[in-house]
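Generate a structure from the sequence data that follows.
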Amino acid sequence: MELDYFNNFGKGTLPDHLGIKVTGTGKHELSAEFTVAPHHLAPNGYLHAGSIVTLADTACGYACYTNLPEGANNFTTIELKSNHLGTAREGVVAVTARAAHMGRTTQVWDATVVDKATGRTIALFRCTQMILYPK
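Numbers count the residues shown, from 1 in each chain. So this is what the prediction gives:
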């Protein structure tokens with residue numbers, strides 16, 4: 001799928017509100033980013049964990065959608081976990097999601113969130129997607 005597809009797919013939803021842009025796709029992989037703005041920050045002035053989780057979950061979700069098994073029509077996140085190792089107050093925060101398990105009923109995706117300028121890891125994320133089929 002083309003980058004434009006994803007960058008229009010989420011119009012008017014949370015990823016759009018946070019300014020998340022898909023920057024690359026590949027087999028079992030997807031990259032995205034946002035530029036840190038005041039609405040990404042917690043009241044203490046640091047990057048809000050919810051902003052990071054949304055970025056990572058969006059990348060994993062879009063990647064899952066592009067890799068649905070034959071006959072599947074959608075997915076839903078059934079589990080997620082994140083380890084927050086750093087933060088950012090400005091600049092671009094980027095994520096790369098990669099498949100860890102590509103089953104017929106579930107997929108597991110890992111994502112690494114980094115400060116794009118320094119390459120420093122901000123968070124590690126993992127989610128499990130349940131694959132949905134028409135009834």
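
In the chain, what residue spans correspond to helices?
3-9, 14-17, 49-66 (DSSP state H).

among these, which is the most enclosed?
Compared across these, helix 49-66 shows the largest average neighbour count, a mean of 22 (mean count of other Cβ atoms under 10 Å). Quick note: C-beta positions are derived from backbone N, CA and C, even for glycine.

Return the distance of Asn83 relative to Ala100.
In this structure, Asn83 and Ala100 are separated by 15 Å, where distance is defined by Cβ to Cβ, to the nearest Å.

neighbouring contacts of the lowest-mean-pLDDT helix or strand in the chain?
When each helix and strand of the chain is scored by mean pLDDT, DSSP states H and E, helix 3-9 comes last, with a mean of 85. The set of residues that contact helix 3-9 without belonging to it, under Cβ atoms under 8 Å, 6 or more residues apart in numbering, is Lys21, Val22, Thr23, Gly24, Thr25, Leu30, Tyr62.
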